[in-house]
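*Asks:* 3D model of this:
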Amino acid sequence: MIRTISIDLALPLRQTVLWQGHPPSHAMVPGDDTAQHFGLFHDNTLVSVASLFPDDHSGIQLRKFATLPHMQSKGFGRRMLDHLRIQAQNAGATCLWCDARLSARGFYAKSGFQEKGEIFERKGRPYIVMSHTLNKATRAPSDSS
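*Replies:* Residues are numbered from 1 along each chain as shown. Sure, this is the predicted structure:
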């Protein structure tokens, strides 16, 4: 099941997966207090989180997408990404984009995201902007798993 969650619920998983060994504050970003945060639950356990931040144009930025390492490659990330795409479409966005870690660019490319610009570094890690053009709004599928 995927549902909206609070930043307080998202932060521990986000920090553990993305910035292990750093304090939780390292995983916080400006705008967390107003962003939409989503959690994917499997057997009543939070296994994946992601956050959506409207940008200054007509897009929505996907940030802090994290899935527990032992739950990766099981389709949970793909389900979350599909859900986020629909959420962005329903919000009227024309694109969903992210600063993807280079290690994740294949994951995004398989879902139709295109690389934009050059590789850059943040906090010592390489990233690339990836963007997905969105179609007209569509109803979110029911997610009962």
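*Asks:* What lies in contact with stretch 33-40?
*Replies:* 1-7, 9-10, 13, 46-53, 63, 67, 76, 79-80, 83-84, 87 (Cβ atoms under 8 Å, 6 or more residues apart in numbering). To be clear about C-beta, it is placed using only N, CA and C from the backbone, and glycine gets the same treatment.
*Asks:* and with 7 Å instead?
*Replies:* Residues from elsewhere that reach stretch 33-40 (Cβ atoms under 7 Å, 6 or more residues apart in numbering): 2-7, 9-10, 46-53, 76, 79-80, 83-84.
*Asks:* quick check, distance from that stretch to the centre of its chain.
*Replies:* Taking Cα atoms, centre = their mean, to the nearest Å, one finds the center of stretch 33-40 at 9 Å from the center of the full chain.
*Asks:* ditto for stretch 13-28
*Replies:* Computed by Cα atoms, centre = their mean, the separation of stretch 13-28 from the middle of its chain amounts to 15 Å.
*Asks:* circling back: take the contacts of stretch 33-40 and keep only those in helices.
*Replies:* Those of the contacts of stretch 33-40 mapping onto helices are Ile7, Leu9, Ala10, Phe76, Arg79, Met80, His83, Leu84, per DSSP state H.
*Asks:* one step back: buried ones among the contacts of stretch 33-40?
*Replies:* Buried subset of these (neighbour count, 16 or more other Cβ atoms under 10 Å): 2, 5, 7, 10, 47-53, 76, 79-80, 83-84.
*Asks:* how about the helices in the chain?
*Replies:* Under DSSP H, the chain gives helices at 7-18, 76-90, 105-110.
*Asks:* Which residue ranges of this structure form strands?
*Replies:* With DSSP state E as the criterion, the chain has strands at 2-5, 36-42, 45-54, 59-67, 95-101, 114-122, 125-133.
*Asks:* how about the ones you listed in TSV, adding distance to His22 and mean pLDDT?
*Replies:* Shown next, in TSV, are the strands of the chain (distance: least, Cβ to Cβ, whole Å; pLDDT from 0 to 100):
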stretch	distance to His22	mean pLDDT
strand 2-5	21	97
strand 36-42	19	97
strand 45-54	16	96
strand 59-67	13	95
strand 95-101	15	95
strand 114-122	14	95
strand 125-133	12	95
